[in-house]
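Visitor: no sequence on hand, only this structure:
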């Protein structure tokens, strides 16, 4: 079953341009390292609890982040649809996931966690769904 995911590249969409240029959807928290070895939310949460960067985060905030990371790493699948909003441009990108979770060890960007995406629309106006830009037939069906 194909699912639709909303994935934000930064609080204000600061990673959107980089993600579109590189053909990927990504998220920040690059300092926590490769998460590919964590197979469920509890393992991700345990990793976060042992990280200095998150020691002052509330348990609820760490739990929310662990859920988001687990979904990105373990639940998003190839052929799923992804919407990536940008607050900077009040637009969104729409694409199809084409690859599994990866961690870019060579990048200095904060957005090192990613999945490859075939972007179908990169600057779609963020309007109510009844007025959303036309999607290509290949992702409407």
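Guide: Thanks, I have it. Treat the numbers as computed from the prediction; the structure is a model and nothing was measured.
Visitor: all strands of the chain, in order?
Guide: Listed in chain order, the strands of the chain (DSSP state E) span 4-6, 24-27, 81-86, 91-97, 102-103, 113-125.
Visitor: mind checking how far residue 67 is from residue 122?
Guide: Going from residue 67 to residue 122 by C-beta to C-beta, to the nearest Å gives 28 Å. Backbone N, C-alpha and C define where each C-beta goes, glycine included.
Visitor: tell me which of the two has more neighbours.
Guide: Taking other C-beta atoms under 10 Å, residue 67 and residue 122 do not tie; residue 122 has more neighbours (17 against 13).
Visitor: the more buried one: what's it in contact with?
Guide: Residue 122 makes contact with 20, 93, according to C-beta atoms under 8 Å, 6 or more residues apart in numbering.
Visitor: gap between it and residue 3?
Guide: Distance, residue 122 to residue 3, using C-beta to C-beta: 21 Å.
Visitor: likewise for residue 107?
Guide: Counting by C-beta to C-beta - residue 107 and residue 3 are separated by 27 Å.
Visitor: same question for residue 50.
Guide: For residue 50, the distance to residue 3 equals 30 Å [C-beta to C-beta].
Visitor: could you double-check that residue 83 lies in contact with residue 9?
Guide: No. If you go by C-beta atoms under 8 Å, residue 83 and residue 9 don't touch, sitting 11.4 Å apart.
Visitor: so between these two, which is more surrounded?
Guide: Higher neighbour count among residue 83 and residue 9: residue 9, with 25 against 18, using other C-beta under 10 Å.
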